[in-house]
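Asks: Starting from these lines, generate the structure:
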Amino acid sequence: MGAAKWDELNTVSPSYALIKERNLEKNLEELEAYGLTVIRPDQLGETEILGRARKAVLEIAEARTGIAHDIKAGTHGTLDGAGSNDSQYLLYAFLEKNQVFEEIVQHSATLPLVEYYLGERCQLSSLTCFIKWPNKIGYGPSLGLHDDSGLYRNGPLPSKPHVFNTNWILTDYTKENGAFCIVPGSHRLQRHPRPGEGADKAVPVEAPAGSVLVFHGNVWHGAFPRINPGLRLSINAYYCGPHYRAQEDFRGRMSDAILSRNDARFKELIGYEDPWGFKDERGPISYSSR
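Replies: Numbers count the residues shown, from 1 in each chain. All right, here's what the predicted structure looks like:
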């Protein structure tokens, strides 16, 4: 039986048609096999997004720390937020700071892969930037291995993920540069790693700046310590199913200009069409209608 007309069936995810149209079938195959795939810079179909994102991140980092960051020299500031330690700090709450972030969270080369697993009504759970500098210890011997299915604290993880993640690489990933790492295929185990488990099987994900990692919420991942001089910059656009609790609340933060230059899907992604959390007699109507 041929598959030529299968796309016409209403049981086929609409996202699969977009994946085929954008030549992402190989990436979907890698997600199934390994739990992670790398979207190459040429697949993104644009060359300037890397420079714009990197410039925007450095501006936000300087504004918040008072220090002008230098990627090559490694000059950096510090912040005391969650996830900060002797080798890194994280930036939060910056989606509305630059238009390039609006483009990243709904990019046509990444969102179809996320929607294939989470559905076409999935939401953006959070947007986070990691800034790392040389530190021979990093996350330690465990490499910080974990999965992103934190809502399932104790029991087995679902075979169908409730979260999916993307990691936008703003500086080259090599093992010596503190590359992201995964335990390939670990998403199929459907459980959290035990303390120290998997480090001997972890492999670095080496890719040039301008690439994007897309990975399954159940896959075990972490990072090698950065040995080389300089800074490692990356942005995580993290997604969840529409029936799960998002990490970050974007509602009320977006200007009319931001909402008007984006389509309805953007408002859905950031929770502006979410009817829950109502406080008055009108009941469950979308946030944008309140």
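Asks: can you give me the strands in this structure?
Replies: With DSSP state E applied, the chain shows strands at 36-39, 88-91, 123-132, 163-169, 180-182, 203-204, 212-216, 221-223, 232-240, listed in chain order.
Asks: So which of these is nearest residue 263?
Replies: Shortest separation from residue 263 across those is recorded for strand 123-132, at 14.4 Å, computed as CB to CB. To be clear about C-beta, it is placed using only N, CA and C from the backbone, and glycine gets the same treatment.
Asks: Run the angle between the closest one and strand 163-169 for me.
Replies: Here strand 123-132 runs at an angle of 40 degrees relative to strand 163-169 (axes from the mean of the first three to the mean of the last three CA atoms, to 10 degrees).
Asks: Direction included, what does strand 123-132 pair against?
Replies: Strand 123-132 sits in its sheet next to strand 88-91 (antiparallel), strand 232-240 (antiparallel), going by DSSP bridges.
Asks: Give me the buried positions along that strand.
Replies: Buried residues in strand 123-132, counting neighbours by 16 or more other CB atoms under 10 Å, are found at 123, 124, 125, 126, 127, 128, 129, 130, 131, 132.
Asks: Can you give me the buried ones in the lowest-mean-pLDDT helix or strand in the chain?
Replies: When each helix and strand of the chain is scored by mean pLDDT, DSSP states H and E, helix 14-21 comes last, with a mean of 92. Residues 15, 16, 18, 19 are the ones in helix 14-21 that count as buried (16+ other CB under 10 Å).
Asks: OK, contacts around the closest residue to residue 136 other than its chain neighbours?
Replies: The spatial neighbour of residue 136 that comes closest, neighbours along the chain excluded (CB to CB, 6 or more residues apart in numbering), is residue 225 at 5.6 Å. Applying CB atoms under 8 Å, 6 or more residues apart in numbering to residue 225 gives the contacts 87, 135, 136, 137, 138, 139, 178.
Asks: Pipe those into JSON lines and attach pLDDT per row.
Replies: Output for the contacts of residue 225, formatted as JSON lines (pLDDT from 0 to 100):
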{"residue": "87", "pLDDT": "95"}
{"residue": "135", "pLDDT": "95"}
{"residue": "136", "pLDDT": "94"}
{"residue": "137", "pLDDT": "94"}
{"residue": "138", "pLDDT": "93"}
{"residue": "139", "pLDDT": "94"}
{"residue": "178", "pLDDT": "96"}
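Asks: Quick check: PyMOL command selecting the buried ones in those.
Replies: A single PyMOL command is used to select the members of the contacts of residue 225 judged buried by 16+ other CB under 10 Å:
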select buried, resi 87+138+139+178
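Asks: and which of the contacts of residue 225 is nearest residue 27?
Replies: So of the contacts of residue 225, ranked by how close each gets to residue 27 (CB to CB), first place is residue 178, at 23.9 Å.
Asks: Brilliant, that's me finished.
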